[in-house]
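**Q** Okay, predicted coordinates and the sequence, questions at the end:
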2 protein chains.
Amino acid sequence: MKTPPPKADRRTAILDAAEAEFSAHGFDGVTLRTIAKRAGVDLALPNYYFGPKKQLFDAVFIRRAEIVNQWREDALKAAIEAAKPRPPTVEAIIRAYLEPMLTGPHLEDQGWKNYYALVAYVNNSPGWGGRLMAEHFDPLIRQFLDALRLSLPGMDEKDLFWGYQCFSGALTLALAQTGRIDHLSGGVCQSDDLADACEHMVHFIAGGFEAARRAAPAALPAPPARRRSARGTAA
Amino acid sequence: MKTPPPKADRRTAILDAAEAEFSAHGFDGVTLRTIAKRAGVDLALPNYYFGPKKQLFDAVFIRRAEIVNQWREDALKAAIEAAKPRPPTVEAIIRAYLEPMLTGPHLEDQGWKNYYALVAYVNNSPGWGGRLMAEHFDPLIRQFLDALRLSLPGMDEKDLFWGYQCFSGALTLALAQTGRIDHLSGGVCQSDDLADACEHMVHFIAGGFEAARRAAPAALPAPPARRRSARGTAA
DNA sequence: TCCCGTTTTCAACAGATGTTGAAAAATAGA
DNA sequence: TCTATTTTTCAACATCTGTTGAAAACGGGA
């Protein structure tokens, strides 16, 4: 009566259904009727619990955000602790960023896979997507950037941020689980095998950051000459 | 009478408008009325020229695909030629893949930037997006993978494909130009400065591929022991 | 048992959506 | 000019969309 009792909890049924639908078809590709039918509830019930459609989407996005953030923060602190008094390796930091999300028993739950695809969708959506990401993930990202700065002494700030952009892009595409790599590799890689993706990403991304630092022109007054050829502007 | 005369060409006006709208809001986030209004034409005209909505989307996607493919194929061949008789460096291959898209005078045209955002949208869309990408970009991608194989002797196939997945993800997020990196870096990086993104990506991605080869367990009978801790499945 | 707050259902709304057919206008060939 | 073809407009269609208000069903405390 006072606190909302978790009874048979149709709330989570709605969230699960919305999660699956939104992650597969995007915000505008999904109707409340589809969600309600999938959740096995009346059409009016999502609105009763969550208000308008956009608030339902936000509720889905937020539900698991703090959980995964906590995992990653713990992993980062553990990596720093394990390496003391020196800063951890770049690879250890990347691993702390990726492993809590991409490996572990929670991946048996299809709901988590749907959620990851949803995060990928949001991260690639211009405008409102960026706001959602910034609000819920930026604080932790800054912690990782701070750790990377310590592990990559002398690295230029611009290189660091562009490096993170590469990192984030690689992770985002992995989270999307589009099946592209399955087709391209002829089945050698499976995009829903997130643990496999993680293990490979760790090496690739760590190597990328270190190469980006090596290639940095540090504080040279003049940048190296660009080699480009002119080309027509359209067709 | 025989050939469709390109007159005042409302066709391209429609394609341009659709390109801008689809890239900003996705397929389902856009109405034909919005596109028609933006193009300054009647609502029925898109349907007259392109058929149903999905075919209009495909027409937008295809229009510039062959152009950019031709650019990249030329750049790859030039890189191979320039390095003969040895294979080109990994960095040269990555550069041939990125520079034709991300640098050059065609980026003055906002239409091209919109198109790139559209490609990012398609590449992150599960299901039908993968089919579009595969149909129009896979042949060229396989050429680049072949070149990478020659430049990375001894690299495991799985590592190569997962490396390409990282590469593709980094590029895709850059193409999306979501503005995330602007906010995160406090203005140090600008996501619509694709030439800057390109120059940094070249080093990062080339380093990633080389690190992925170094880290490869080659053909060891038993993979190295995984280090993970158990964790709860949800909350 | 009754009562009251919560949850669920039902039916309907006002507006938007993709698509179409027929009419009108423009165009080009004779 | 007349004529045949293409292009453009107009109006409407059937359907679907998010949202809502009122009624009904439920559930636990007296």
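**A** Looks like it arrived, so ask away.

**Q** Mind jotting down where the helices sit in chain A?
**A** Under the criterion DSSP state H, chain A contains helices at A:10-25, A:32-39, A:44-50, A:53-63, A:65-83, A:90-102, A:110-123, A:128-151, A:157-176, A:180-185, A:194-215.

**Q** which residue does chain A bring closest to DNA strand D?
**A** Using Cβ to the nearest atom of the strand, the single residue of chain A nearest to DNA strand D is residue A:52, 2.8 Å away. Every residue, glycine included, has its C-beta placed from N, CA and C.

**Q** how about that residue, phi and psi?
**A** Dihedral pair for residue A:52: phi -60, psi 170, per degrees, to the nearest 10.

**Q** What residues does it make contact with?
**A** By Cβ atoms under 8 Å, 6 or more residues apart in numbering or on different chains, no residues touch residue A:52.

**Q** what do you get for residue A:197?
**A** Residue A:197 is in contact with A:102, A:174, A:189, A:191, B:162, B:165, counting by Cβ under 8 Å, 6+ apart.

**Q** The fourth one contacts residue A:185, correct?
**A** The reference is to residue A:191. No. Using Cβ atoms under 8 Å, residue A:191 makes no contact with residue A:185, being 9.5 Å away.

**Q** Of the two, give the one with the bigger neighbour count.
**A** Neighbour count, other Cβ atoms under 10 Å in any protein chain shown: between residue A:191 and residue A:185, residue A:191 has more, with 23 against 19.

**Q** Any figure for the gap between residue A:140 and residue A:75?
**A** 11 Å (Cβ to Cβ, to the nearest Å).

**Q** next one: residue A:125
**A** For residue A:125, the distance to residue A:75 (Cβ to Cβ) stands at 27 Å.

**Q** Over to residue A:65?
**A** From residue A:65 to residue A:75 the distance is 16 Å (Cβ to Cβ).

**Q** Repeat that for residue A:32.
**A** Counting by Cβ to Cβ, the gap from residue A:32 to residue A:75 is 37 Å.

**Q** for residue A:36, same thing?
**A** As judged by Cβ to Cβ, residue A:36 and residue A:75 stand 38 Å apart.

**Q** With residue A:126 instead?
**A** 30 Å.

**Q** now residue A:10
**A** 34 Å.

**Q** Of those two, which one has the most company?
**A** residue A:75 (20 against 16).

**Q** follow-up on the earlier one: now the helices of chain A as TSV including mean pLDDT?
**A** Converted to TSV, those look like this (pLDDT from 0 to 100):
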stretch	mean pLDDT
helix A:10-25	97
helix A:32-39	98
helix A:44-50	98
helix A:53-63	98
helix A:65-83	97
helix A:90-102	98
helix A:110-123	98
helix A:128-151	96
helix A:157-176	98
helix A:180-185	96
helix A:194-215	95
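
**Q** so can I have JSON lines of the ones you listed showing distance to residue B:206?
**A** Output for these, formatted as JSON lines (distance: least, Cβ to Cβ, whole Å):
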{"stretch": "helix A:10-25", "distance to residue B:206": "33"}
{"stretch": "helix A:32-39", "distance to residue B:206": "44"}
{"stretch": "helix A:44-50", "distance to residue B:206": "46"}
{"stretch": "helix A:53-63", "distance to residue B:206": "35"}
{"stretch": "helix A:65-83", "distance to residue B:206": "26"}
{"stretch": "helix A:90-102", "distance to residue B:206": "16"}
{"stretch": "helix A:110-123", "distance to residue B:206": "24"}
{"stretch": "helix A:128-151", "distance to residue B:206": "19"}
{"stretch": "helix A:157-176", "distance to residue B:206": "11"}
{"stretch": "helix A:180-185", "distance to residue B:206": "20"}
{"stretch": "helix A:194-215", "distance to residue B:206": "7"}
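
**Q** Cool, thanks, signing off.
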